[in-house]
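Asker: Sequence first, predicted model second:
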Amino acid sequence: MSTLPSISIITPTLNQCRFIGTTIASVHRQAYPNLEYLVIDGGSTDGTQELLSNYGEGLHWVCEPATGQSAAINHGWQRTSGEIIAWINSDDIYAPGALLQVGEYFQLHPEVDIVYGDCDTIDEAGRSLGAYATRPFDFVELVRSTINFIPQPAVFLRRGVIEKTGLLDESLSYVMDFDYWLRAGLHHPFEYLPVKLAALRLHASAKSIARLGNFASELVQVYEGLFARNDLPPAVLAVKRDAMANIHHRAADCAFWAGNISAARHYIRQSFRLRPWPPRALWLWVLFGSPALFLANRLIGNPYLPRAAES
């Protein structure tokens, strides 16, 4: 056990008092022999800091107001010293024994730099909503499809990765994880470990739901930055047109379901210019604007809102 690599976990938080205790418990119950855990609070006013203080010396936490989530994670990575690093948000949880499985995998595979595993989605009460759509790693397909099949809470990196890739992009508030996978994947193949490592909580105040419309511009920004690089391999350059069409279509989807019809129309037009294709349902919804949004909500429901898993 003493030869297992050290692991540093960062939890950024802001006004998540109702969930963060469960997150902390999921880390503490790992009982990993060489664990460093740091919570960075962004200036919570909902009782989070009082809750953190109650842990006494059993929890290392700091308050860094107004730095933003990406900056908080970066500061945490720079403050810690573990050979393996990760972050888990203050509404997500680790599966029992996750860190031991990750540590043992890195120990047995010194050539591996990045590992990710399976992840559940859960609701506010911790009830299962189903499995995150994880799949084995394929970098070209990750770029082309624009589908982030790598669940952030279940990702672990060797510290050397940030020396090559850099830190999270602090200009991003919503898709900093997807951006990092795209940047890191250029030089560090991800290894998929088909075991459950974490659970991602979906709830009304989560950024992916409450501020869905803000994802659109960041998704396009990330892909424009990716294809502006001069170190892309030929296989990635070969899918540029498809990838840019797909990311504009995905941005249109986010904008539409967030109720920003004008932005959705803009992104749909950009997608069509890049790659004309037979209209999808989204095109029709966007064409008819706000009445279509009302109808779509009635007929199929917002796909970004959490739904109970089918039995």
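Answerer: Cool, got the structure.

Asker: All the helices of the chain, in order from the start?
Answerer: Listed in chain order, the helices of the chain (DSSP state H) span residues 17-28, 48-53, 69-79, 98-108, 139-145, 160-165, 176-185, 207-210, 213-226, 234-237, 240-257, 261-274, 281-287, 289-299.

Asker: Using JSON lines, please lay out those helices together with distance to Tyr132.
Answerer: To be clear about C-beta, it is placed using only N, CA and C from the backbone, and glycine gets the same treatment. As requested, the helices of the chain are exported to JSON lines (distance: least, C-beta to C-beta, whole Å):
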{"stretch": "helix 17-28", "distance to Tyr132": "16"}
{"stretch": "helix 48-53", "distance to Tyr132": "26"}
{"stretch": "helix 69-79", "distance to Tyr132": "20"}
{"stretch": "helix 98-108", "distance to Tyr132": "14"}
{"stretch": "helix 139-145", "distance to Tyr132": "15"}
{"stretch": "helix 160-165", "distance to Tyr132": "22"}
{"stretch": "helix 176-185", "distance to Tyr132": "12"}
{"stretch": "helix 207-210", "distance to Tyr132": "12"}
{"stretch": "helix 213-226", "distance to Tyr132": "17"}
{"stretch": "helix 234-237", "distance to Tyr132": "24"}
{"stretch": "helix 240-257", "distance to Tyr132": "17"}
{"stretch": "helix 261-274", "distance to Tyr132": "25"}
{"stretch": "helix 281-287", "distance to Tyr132": "22"}
{"stretch": "helix 289-299", "distance to Tyr132": "24"}
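
Asker: Comparing these, which yields the minimum mean pLDDT?
Answerer: Taking the average pLDDT of each of the helices of the chain, the minimum falls on helix 207-210, with a mean of 51.

Asker: isn't Leu51 right next to Gln16, touching?
Answerer: No: shown here, Leu51 and Gln16 do not form a contact pair, counting by C-beta atoms under 8 Å, at 9.9 Å.

Asker: circling back to that earlier point, the helices of the chain into CSV, with extra columns for mean neighbour count?
Answerer: Compiled in CSV, those are given as follows (neighbours: other C-beta atoms under 10 Å):
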stretch, mean neighbour count
helix 17-28, 18
helix 48-53, 17
helix 69-79, 20
helix 98-108, 19
helix 139-145, 18
helix 160-165, 15
helix 176-185, 22
helix 207-210, 14
helix 213-226, 19
helix 234-237, 13
helix 240-257, 22
helix 261-274, 18
helix 281-287, 17
helix 289-299, 13
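
Asker: Next up, the contacts around Asp113.
Answerer: If you count contacts by C-beta atoms under 8 Å, 6 or more residues apart in numbering, Asp113 has them with 157-158, 160-161, 188-189.

Asker: Dihedrals phi and psi, it?
Answerer: Comment: the main-chain dihedrals of Asp113 come out as phi -110, psi -30, following degrees, to the nearest 10.

Asker: pLDDT at the spatially most central residue of the chain, what is it?
Answerer: Residue closest to the mean C-alpha point of the chain, counted by C-alpha atoms, centre = their mean, is Gln152 at 4.0 Å. The pLDDT attached to Gln152 in the predicted structure is 97.

Asker: quick one: it and Ile261, what's the gap?
Answerer: The gap separating Gln152 from Ile261 is 29 Å, by C-beta to C-beta, to the nearest Å.

Asker: Could you do Arg183 as well?
Answerer: For Arg183, the distance to Ile261 equals 32 Å [C-beta to C-beta].

Asker: ok, now Leu226?
Answerer: 27 Å.

Asker: Equivalent analysis for Ile122, please.
Answerer: Counting by C-beta to C-beta, the gap from Ile122 to Ile261 is 32 Å.

Asker: again, but for Gly56
Answerer: Here Gly56 is placed at a distance of 51 Å from Ile261 (C-beta to C-beta).

Asker: With adjacent residues omitted, what lies nearest to Tyr32?
Answerer: Beyond its immediate neighbours in the sequence, the residue positioned closest to Tyr32 (C-beta to C-beta, 6 or more residues apart in numbering) is Leu99, lying 4.2 Å away.

Asker: er, Leu219 actually
Answerer: The shortest distance from Leu219 to any non-neighbouring residue, by C-beta to C-beta, 6+ apart, is to Ala251 (5.0 Å).

Asker: biggest strand in this structure by residues?
Answerer: Of all the segments assigned as strand in the chain under DSSP state E, the longest by residue count is strand 190-201.
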